[in-house]
Each structure stands twice: as structure tokens, then as C-alpha cells.
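In: just need the structure, nothing else, for what follows:
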Amino acid sequence: MKHQLAKSVALSLLSPVIIGSMLGIYYALTMRGDAVSIFLGLLMTAVANAHIVGLTMAAFVVPGYLLMFKYSKVNYSGVLTLGLLGGAIFSYLLSATTGEIFLINSVMSGFAAGLFLFGLRKSVQS
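Out: Numbering: from 1, shown residues only. Predicted coordinates for the structure are as follows:
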């Protein structure tokens, strides 16, 4: 069980790279200017805010999942909600109180919770 959790948490830490790449590609294609510097700037901003994802996983998602698992009441929407809630709380406390960064950090944490669940499902099916 511990090995499966560790692999799933490691998979969830890809969330900043995926979200940063998607936003970077979108803004590089839609904005005028140097596309490469826009892409790299957004990617590095997302990676720089990866601590929000790590803290959310450590404080909200994994303990919440283990509590749900203990009582045999694992609810995927509950785990995703914990990811969004944790991302919003840690983003507000550590990074940004309003604006786009706040929203992106919350979505990044929710996506990380989804990747966490995906990793658990893949390890169970294998």
C-alpha cells in the first residue's frame, strides 16, 4: 500500500509541468511576442508554484484518502474537492490572495489529486 501511495504521489507532482505546458502553449500561440519566452516563463511560474501542490498532497489529499480508505468510503469527488480546497487555502496563505495565480494554483492542485487517483487505479489494475 505504501509503495502504491508513493508512486501515485510522485505521479501527481507532474501536475505543475502539465498545467504550465498547457498554459504556455496556449499563451504562446495567442499572444504577440516571443513565443518561446512566453512559454518558458509560464512553465517556470507553474514549476515555481509546485510547493502548493506538494503541501496540498501532504496536508489534504493523502490524509483524506487514507481516512476514506480506513472506513471503506473512498469517494473520488471528495478527494478531488480536497485537492481544490487545499490548493486554494495554501495559495491564499503562501502565494496569491486573488487573481489568475490563485485560480491556477487551485486547479493545479485539483489536477494533482486527479493524477493521484489515476495512479492508484493504474497500480490496482496492474
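
In: element containing K73, please.
Out: For K73, there is no helix or strand it lies in under DSSP states H and E.

In: that one and L66: what is the separation?
Out: To L66, K73 is 12 Å away according to Cβ to Cβ, to the nearest Å. Where you see a C-beta, it was placed from the backbone N, CA and C, and this is true even at glycine.

In: who has more neighbours, the two?
Out: Each of K73 and L66 has its neighbours counted (other Cβ atoms under 10 Å); L66 has more, 12 against 9.

In: on the three-state scheme, the more buried one is what?
Out: Under DSSP: H, G, I helix; E, B strand; the rest coil, L66 falls in the helix class.

In: helix or strand right after the helix or strand where G87 lies?
Out: Assigned by DSSP H and E, G87 belongs to helix 76-90. Moving toward the C-terminus from helix 76-90, the next helix or strand (DSSP H and E) is helix 100-125.

In: flag every buried residue along that following helix.
Out: For helix 100-125, a neighbour-count test (16 or more other Cβ atoms under 10 Å) marks 101-102, 104-117, 119-120 as buried.

In: quick check: mean pLDDT of the helix or strand containing L43?
Out: Following DSSP H and E, one finds L43 within helix 35-48. Mean pLDDT, computed over helix 35-48, is 93.

In: repeat for stretch 54-61
Out: Taken as a whole, stretch 54-61 has a mean pLDDT of 95.

In: buried stuff in it?
Out: For stretch 54-61, the neighbour count (16+ other Cβ under 10 Å) marks 54-57, 60-61 as buried.

In: helices - which of those land there?
Out: 54-56 (DSSP state H).

In: include distance to M1 when you put the residues you listed into a markdown table, please.
Out: Converted to a markdown table, these look like this (distance: Cβ to Cβ, whole Å):
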| residue | distance to M1 |
| --- | --- |
| G54 | 21 |
| L55 | 23 |
| T56 | 21 |
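
In: hey, C-alpha coordinates of stretch 81-88 in CSV?
Out: Provided in CSV are the C-alpha atoms of stretch 81-88 (Å, rounded to 0.1, in the frame of the first residue of the first chain):
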residue,chain,number,x,y,z
THR,A,81,-12.6,18.5,-3.6
LEU,A,82,-9.8,18.1,-1.0
GLY,A,83,-7.3,18.9,-3.7
LEU,A,84,-9.1,22.0,-4.9
LEU,A,85,-9.7,23.2,-1.3
GLY,A,86,-6.1,22.6,-0.2
GLY,A,87,-4.8,24.4,-3.3
ALA,A,88,-7.0,27.4,-2.6
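
In: sounds good, over and out.
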